[in-house]
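In: fold the following.
(one chain, ligands or ions: 1)
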Amino acid sequence: MQTFGLPFNSASNQIKIIQGNNGPWSHKILKNGQDSRYAVDFELQIGAEIKAAREGTVMGIIDSSDTYYDGNDPVIGLGLPFGSTNFVAIRHDDGTVAYYMHLAKNVPIKEGDLVSKGQILGVTGLSGWIGDKPHLHFQVNNADGVSLPITFEGYQGPLEHDAIYHQNLRIEGR
Ligand SMILES: [Zn+2]
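Out: I've put the predicted structure just below:
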């Protein structure tokens, strides 16, 4: 299993996972074919700096959306039109691709840029289906689009949603 840096500053932000691997809301193979099974949602305050978890090349950016949904209805959340979620996609030298999603508009990088590990890619914002907590959605897919299980430097806790939920996420209705 590959290990990545945490995609934010863990000295100034708590590590709080609100949807882990195979989470019930959107960390699955979606109807549009997107494989997000091993995604992780880190709760972060709006404006938190998002950092590259590994060096690579910027292969995709959407950063002009003002559209977001802060409710919990998956029909609405997953039904948002493509382009609603501001994100950055970084391709690594082994062909894997990391997705950093729910960013604020106007990221400080552009397609084709080489980014180093720890470089700031943007900040958390309101775009796409954020649910009731602003967060960074992070996932790594292989070159064929298959979601990969990964681990993070500096985090030894569980990543599987059910394991996290049973430990500290007993929130009514979630
Ligand atoms: Zn997510």
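In: wait, doesn't R54 sit right on K117?
Out: Yes. Counting by C-beta atoms under 8 Å, R54 touches K117, with 5.6 Å between them. To be clear about C-beta, it is placed using only N, CA and C from the backbone, and glycine gets the same treatment.
In: what touches both of these two?
Out: G5 (C-beta atoms under 8 Å, 6 or more residues apart in numbering).
In: more neighbours: which of those two?
Out: The residue with more neighbours, out of R54 and K117, is R54; 21 against 12, by other C-beta atoms under 10 Å.
In: can you tell me which residues contact that one?
Out: Counting by C-beta under 8 Å, 6+ apart, R54 has contacts F4, G5, I90, H92, A98, K117.
In: quick one: which of the residues you listed is nearest H166?
Out: Set against H166, the nearest of these by C-beta to C-beta is F4 (24.7 Å).
In: now the closest one: how far from H161?
Out: Separation of F4 from H161 (C-beta to C-beta, to the nearest Å) stands at 18 Å.
In: quick one: which of those two has more around it?
Out: H161 (22 against 18).
In: show me what contacts that one?
Out: Counting by C-beta under 8 Å, 6+ apart, H161 has contacts Q19, G20, N21, N22, G23, P24, H27.
In: now do the lengthiest helix in the chain, average pLDDT.
Out: In the chain, taking DSSP state H as the definition, the longest helix is helix 161-168. Averaging pLDDT along helix 161-168 yields 80.
In: now do the buried residues in that helix.
Out: Using 16 or more other C-beta atoms under 10 Å as the test for burial, helix 161-168 gives H161, I164, Y165.
In: including distance to P149, could the residues you listed go into JSON lines?
Out: Listed next are the buried residues of helix 161-168 as JSON lines, based on distance: C-beta to C-beta, whole Å:
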{"residue": "H161", "distance to P149": "12"}
{"residue": "I164", "distance to P149": "14"}
{"residue": "Y165", "distance to P149": "18"}
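In: just name the closest of those to the ion, please.
Out: Among those, H161 lies closest to the ion (C-beta to the ion), at 10.2 Å.
In: quick one: the closest one from G60, how far?
Out: For H161, the distance to G60 - C-beta to C-beta - is 26 Å.
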